[in-house]
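Chemist: build me a structure from this.
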Amino acid sequence: MGLIQSVDKALRILQALDADGGWMGVRELSRTIGLTPPTTHNLLRTLLAKSFVEANTETKQYRLGLAAIRLGEGSDPLNSMRDFCRPYIEALSNEFDETVIVLTWRDDRALVVDWIQADHPLSVTHNHGVIEHPLIFASGRVLLAFQDRSTQLRHAAREDLSSLSPNSPLTVDDMTALLDQIVRDGVAITKNVRNSGIAAVAAPVFDANRRAIIAIGCSAPISRSPDSQIEAVLTRLRDVAKVMSQKLGGAAPQGGAGKLKAES
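Modeler: Numbering: from 1, shown residues only. Presented below is the predicted three-dimensional model:
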């Protein structure tokens, strides 16, 4: 059986990027794999749309994207996500000087990808690893909201919802109603869940298959979180999540642009 030429060419591009391990320009790639620059560029555009390559718009260079890395044998997807997310959370941390976190959903669990703690004596802190009760975090709620209903119900079956109150859903119906509202809003906002004294906002990041693979959130003590500050962080967070989604070839987060109240 003969090779499908377009597939063969696309795989050669991915292999070349993998072998180089860094950024490559179109002409360098073309010489490496023996294709013309226009053909190489067209194939890169397709691979970029599906997150198999990532583009640097300033240098006009390309490297392996998150989708390709996640498929790689023996690769660590969390490290790949961490590398991808780090510049965005650093920018948010520098802008607001509050704690920023990135979560992903894997094997029915919310996992911390990366986080930066605010440089204040009183600030929100996290640990790497599994988030035990994602419903008490804005970022955890966002991740769970964009899973299918069966995944949400499996989580509810393992969680003692009544122990998460106050300001958290007490029943499965309350939980699914809250998660459905988050999907409609496109973001989650929490205030003082479990009397934590913390306010947080979070938004989803979508890949080329329209899956919310990442939640990016920002949290701070309520004493530093007046409504005006929450709105400012929320606006910026929406913009960052949209850019991240576009980088992954995904659909930008959709939701209301008006003022939102904290979920309870």
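
Chemist: show me the helices in the stretch 101-250 of the chain, by range?
Modeler: Listed from the start of the chain, the stretch 101-250 of the chain has helices (DSSP state H, counting those that start in this stretch) covering 138-145, 149-158, 172-185, 227-247.

Chemist: looking at those helices, which is nearest to residue 22?
Modeler: Smallest distance to residue 22 across these (Cβ to Cβ): 17.2 Å, for helix 227-247. The C-beta positions use only the backbone N, C-alpha and C, and glycine is treated the same way.

Chemist: convert that closest one to CSV, retaining C-alpha atoms only.
Modeler: What follows is the C-alpha trace of helix 227-247 in CSV, where atoms were taken according to Å, rounded to 0.1, in the frame of the first residue of the first chain:
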residue,chain,number,x,y,z
ASP,A,227,-15.7,44.0,43.4
SER,A,228,-13.7,46.4,41.2
GLN,A,229,-10.6,44.3,41.6
ILE,A,230,-12.4,41.1,40.9
GLU,A,231,-13.9,42.6,37.7
ALA,A,232,-10.4,43.8,36.6
VAL,A,233,-8.8,40.4,37.2
LEU,A,234,-11.8,38.6,35.5
THR,A,235,-11.5,40.8,32.4
ARG,A,236,-7.8,40.1,32.1
LEU,A,237,-8.2,36.4,32.8
ARG,A,238,-10.8,36.1,30.0
ASP,A,239,-8.3,37.7,27.6
VAL,A,240,-5.5,35.4,28.6
ALA,A,241,-7.6,32.3,28.4
LYS,A,242,-8.7,33.3,24.9
VAL,A,243,-5.1,33.8,23.8
MET,A,244,-4.1,30.5,25.2
SER,A,245,-7.0,28.8,23.5
GLN,A,246,-6.1,30.4,20.2
LYS,A,247,-2.5,29.2,20.6
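
Chemist: can you list contacts of that helix?
Modeler: By Cβ atoms under 8 Å, 6 or more residues apart in numbering, the residues outside helix 227-247 that reach it are 54, 84-85, 88, 91-92, 95-96, 98, 186-187, 189, 199, 201-207, 214, 216-218, 220, 251-253, 255, 259-260.

Chemist: just the buried subset of the residues you listed, please.
Modeler: Among the contacts of helix 227-247, those classed as buried by neighbour count (16 or more other Cβ atoms under 10 Å) are 54, 84-85, 88, 92, 96, 98, 186-187, 189, 199, 201-207, 214, 216-218, 220, 251-253, 255, 260.

Chemist: mind checking which of these are in strands?
Modeler: Among these, the subset assigned to strands under DSSP state E consists of 54, 189, 199, 201-206, 214, 216-218, 220.

Chemist: output those as CSV; include the columns pLDDT and distance to residue 62.
Modeler: As requested, those are exported to CSV (pLDDT from 0 to 100; distance: Cβ to Cβ, whole Å):
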residue, pLDDT, distance to residue 62
54, 84, 7
189, 95, 37
199, 93, 39
201, 96, 33
202, 97, 30
203, 96, 27
204, 95, 26
205, 94, 20
206, 91, 21
214, 92, 21
216, 97, 24
217, 95, 30
218, 95, 30
220, 93, 37
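
Chemist: now the two most distant members of these.
Modeler: 54 and 199 (33.0 Å).

Chemist: does residue 142 touch residue 217 like I think?
Modeler: Yes: if you go by Cβ atoms under 8 Å, residue 142 and residue 217 touch, sitting 7.3 Å apart.

Chemist: what do these two both touch?
Modeler: Between them, residue 142 and residue 217 have 188, 202-203 as joint contacts when contacts are counted by Cβ under 8 Å, 6+ apart.
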